[in-house]
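Trainee: Got a predicted model here, sequence first, then my questions.
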Amino acid sequence: MIKCIVIEDELPARALLRTYLSELSEWQLVADFDNAIEAMGFLARHPVDVIFLDIQLPRLSGISFLRALEHQPLVVITTAYGEHAVEAFELTVFDYLLKPYPFERFLRATNRIHLHLQGNVKEEQQSGVPHIVVRADRRNIKLPIAEIQFVESQKEYVRIVCTNRVLHTRMSITKIETLLAAYDFLRVHRSFLVAAAKVESYSATEVVVGPHAIPIGRLFQRNARARLE
């Protein structure tokens, strides 16, 4: 059983999460709160696996709450504000749901968590920083998930563009996509895989990540729109 709590000050949003979670037989909502301070006291006595966390909260924001947590469970941000995504992922949140999110998007997040808790994703045990291991420059490199902006398949190599570096590997883009399956990465083209939280804007034919305009393939357009809306 996956134990979780909800921290959400808007009653309709809290009720929606309760309804969504009631559809999942392997999940148990043990408590819900309208502020982070009460939730912090609860967590000191009752550890849980997952927190669904709003950012705009009274007295203590969701971001400040995350910074104050001594032992952080998996965290799924639920918010109407996309501008906090980069900061949230730097704090190693697991997923970022933009309101209003349909049950399909919620289910995708919970399925990823289930896979993660089954051990299908490698974690840095000491630091708690999620990462994948890629073979580049004749070394095995632990690459933090939060650094990855997008992945591009080239003729002989795959290029992984990160916040402060670029790696080249002979691993296939399909293999990397499998390694990142438990995180919010989106295949927008047969040659491109992007971090959804890093997308700054998009149209029917391209997404923009930092200074990079990345094409959306015709066969990927419907799924890309559904994931990014």
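Mentor: Noted; the coordinates are in hand. Numbering: from 1, shown residues only.
Trainee: Roughly how far does Ile5 sit from Phe106?
Mentor: According to Cβ to Cβ, to the nearest Å, Ile5 and Phe106 sit 16 Å apart. C-beta coordinates here come from the backbone N, C-alpha and C atoms, glycine included.
Trainee: meant to ask about Ile216, not that
Mentor: Taken as Cβ to Cβ, the span from Ile216 to Phe106 is 24 Å.
Trainee: Arg190 now?
Mentor: Distance of Arg190 to Phe106, given as Cβ to Cβ: 28 Å.
Trainee: more crowded one of the two?
Mentor: Phe106 (21 against 12; other Cβ atoms under 10 Å).
Trainee: Return the backbone torsion pair for Gly21.
Mentor: Careful, residue 21 is Leu and not Gly. Here is the backbone geometry of Leu21 (degrees, to the nearest 10): phi -70, psi -30.
Trainee: didn't it look like it was pressed against Ile5?
Mentor: No: if you go by Cβ atoms under 8 Å, Leu21 and Ile5 don't touch, sitting 10.4 Å apart.
Trainee: Secondary structure of Arg187: a strand, I assume?
Mentor: Yes: residue state for Arg187 (DSSP: H, G, I helix; E, B strand; the rest coil) corresponds to a strand.
Trainee: ok, and the closest non-adjacent residue to it?
Mentor: Of all residues not flanking Arg187 in the chain, Leu193 sits nearest, at 5.3 Å (Cβ to Cβ, 6 or more residues apart in numbering).
Trainee: which residues pair with that neighbour across the strands?
Mentor: Beta bridges link Leu193 to Val151, Arg187 when assigned by DSSP bridges.
Trainee: which residues in this structure form helices?
Mentor: 11-22, 36-45, 62-68, 85-90, 103-117, 173-179, 221-228 (DSSP state H).
Trainee: can you list the weak-confidence ranges in this protein?
Mentor: 82-91, 118-128 (pLDDT under 70).
Trainee: can you tell me which residue is nearest the centre of it?
Mentor: Asp95 (2.7 Å; Cα atoms, centre = their mean).
Trainee: Specify the beta-bridge partners of it.
Mentor: Val76.
Trainee: Hmm, it is touching Ala182, no?
Mentor: No: between Asp95 and Ala182 there is no contact, the gap being 9.4 Å when judged by Cβ under 8 Å.
Trainee: what sits in contact with each of those two?
Mentor: Arg112, Ile113 (Cβ atoms under 8 Å, 6 or more residues apart in numbering).
Trainee: Quick check: the closest residue to Ala80 other than its chain neighbours vs Pro12, distance?
Mentor: What sits nearest to Ala80 in space, not counting adjacent residues and going by Cβ to Cβ, 6+ apart, is Lys99, at 4.4 Å. According to Cβ to Cβ, Lys99 and Pro12 sit 10 Å apart.
Trainee: before we move on, back to that, OK, contacts around the residue nearest to the centre of the chain?
Mentor: Per Cβ under 8 Å, 6+ apart, neighbours of Asp95: Val76, Ile77, Ala109, Arg112, Ile113, Tyr183, Asp184.
Trainee: I'd like to know how many residues surround the fifth one.
Mentor: When counting by other Cβ under 10 Å, one arrives at 21 neighbours for Ile113.
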